[in-house]
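Asker: coordinates only, sequence not included:
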């Protein structure tokens, strides 16, 4: 079965909705779903999940044709490009336990504009190394709640697909997901 224009439209909807879900501002949550505890007078931070834009900019959803005669069904592919190593953590989260590696957290701190200029109780700027340690310690202690941007995008897309393309298109995507399970690359 070749890739049809309807299938291309479905992939476009999914890609657009995944990107929209990444832009939604959310409070920082522990793996168990509680708001992250913050010491002092500061509320739980609320922000979007875009630091460098790598995940957002590299996210592609497309159909890959299968040339196997037996299956002959195109496969829905979610490609994260250079962000493939951490996209699962953004989506699914990370359990508490061990501290995460230093390098990815340090890179994130350097890229995240809103985290620069954090001050201690005496008004002094915290060094980046201290900030990285505190973030690693928080993730190790409380974990990190994923944002489930893939599942949320699928739900929103199903509604839009039904409205814009009809129930047949919606049913096609539902059948595909039931038959093939998740579209998250493993």
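Answerer: On my side now, so go ahead. All values derive from a computational prediction rather than experimental measurement.
Asker: What separation do you get for the residue lying closest to residue 99 once chain neighbours are set aside and residue 88?
Answerer: Closest residue in space to residue 99, ignoring its immediate chain neighbours: residue 140 at 4.0 Å, by Cβ to Cβ, 6 or more residues apart in numbering. Quick note: C-beta positions are derived from backbone N, CA and C, even for glycine. Look at residue 140 and residue 88: by Cβ to Cβ, to the nearest Å, they are 18 Å apart.
Asker: quick one, what contacts residue 35?
Answerer: Residue 35 is in contact with 27, 28, 29, 44, counting by Cβ atoms under 8 Å, 6 or more residues apart in numbering.
Asker: pull the longest helix from this protein.
Answerer: Taking DSSP state H as the criterion, the chain has its longest helix at helix 5-23.
Asker: What residue spans form the domains of the chain?
Answerer: Domain segmentation of the chain under automatic domain parsing yields 1-94+145-186, 96-142.
Asker: which of these has the lowest average pLDDT?
Answerer: Confidence, taken as mean pLDDT, is least for domain 1-94+145-186 of the domains of the chain (a mean of 84).
Asker: which one in the chain is furthest away from the centre?
Answerer: The centre of the chain is farthest from one residue, residue 122, which by Cα atoms, centre = their mean lies 35.8 Å away.
Asker: Can you list the residue ranges for helices in the chain?
Answerer: According to DSSP H, the helices that the chain contains are 5-23, 54-58, 84-92, 102-111, 128-142, 149-165, 167-180.
Asker: Nearest approach to residue 65 belongs to which of these?
Answerer: The closest of these to residue 65 is helix 5-23. By Cβ to Cβ, the value is 10.1 Å.
Asker: circling back: distance to residue 48 and mean neighbour count added to the helices of the chain, as CSV?
Answerer: Below are the helices of the chain laid out as CSV (distance: least, Cβ to Cβ, whole Å; neighbours: other Cβ atoms under 10 Å):
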stretch, distance to residue 48, mean neighbour count
helix 5-23, 5, 18
helix 54-58, 9, 17
helix 84-92, 11, 17
helix 102-111, 13, 15
helix 128-142, 17, 16
helix 149-165, 11, 17
helix 167-180, 26, 14
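Asker: Thank you kindly, that will do.
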